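>>> curious how this folds, go ahead:
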Amino acid sequence: MTEPDTRALVRLEAEGGADEEELDRLARRLRAELGELDVDLRAAPGELPPGAKAADPVTIGSLVVAFSAAGGVFPGLVETLKEWLARQTGKHRIKVTIDGDTVELERATSAERQELIDAFVRRHA
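Numbering: from 1, shown residues only. Model prediction:
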């Protein structure tokens, strides 16, 4: 991968009923899937969820994703996140933040989700 020039904070927020173990499992699956992209993944510090015993950023579900703005990597990242959410049984959400601009991905109609994603990608691609 070329030197990354864009960084996004990707934060998984599990459905309200998810416990620490479930959040950990979801975060690890998401991280593995993102690892298949041409991006640099790093754990990001975050707030501890209620009842958490240690500040394991992977358990918390926050990652810094660095990538080159060239080559269409960002639209692929967003598409991967969208597809990952669609395969989950719970109503989880993923927040993607670049330069203070945040988009929240969750289950919505395809048209609603696509409109929101397209606008966000246009601002950052």
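>>> could you give me the buried positions within the longest strand seen in the chain?
Ranked by residue count, the top strand of the chain under DSSP state E comes out as strand 6-13. Judged by neighbour count using 16 or more other CB atoms under 10 Å, the buried positions of strand 6-13 are 6-8, 10-13. From N, CA and C alone the C-beta is placed, and that goes for glycine too.
>>> list the helices and strands the following helix or strand past that strand packs on?
Following strand 6-13 in sequence order, the next helix or strand is helix 20-34 (DSSP states H and E). For helix 20-34, the elements it packs on are strand 6-13, helix 57-60, strand 62-67, helix 73-87, judged by 3 or more CB pairs under 8 Å, 6 or more residues apart in numbering; DSSP states H and E.
>>> would you single out the least confident of the ones you listed?
Note on these: lowest mean pLDDT is at helix 57-60, with a mean of 46.
>>> got the phi and psi for residue 93?
Main-chain dihedrals, residue 93, degrees, to the nearest 10: phi -140, psi 150.
>>> the closest residue in space to residue 91 that isn't next to it in sequence and residue 70: what is the separation?
Take residue 91 and drop its neighbours on the chain: the residue closest to it by CB to CB, 6 or more residues apart in numbering is residue 15, 5.0 Å away. According to CB to CB, to the nearest Å, residue 15 and residue 70 sit 36 Å apart.
>>> repeat for residue 80
The spacing between residue 80 and residue 70, counted by CB to CB, is 18 Å.
>>> next: residue 98.
For residue 98, the distance to residue 70 equals 15 Å [CB to CB].
>>> give me the more crowded residue out of the two.
For the pair residue 98 and residue 70, the greater number of neighbours falls to residue 98 (17 against 11), based on other CB atoms under 10 Å.
>>> residues contacting the more buried one?
Contact analysis of residue 98 by CB atoms under 8 Å, 6 or more residues apart in numbering lists 6-9, 124.
>>> farthest-apart pair in the residues you listed, please.
Pairwise distances among the contacts of residue 98 were taken by CB to CB; the largest, 12.6 Å, belongs to 9 and 124.
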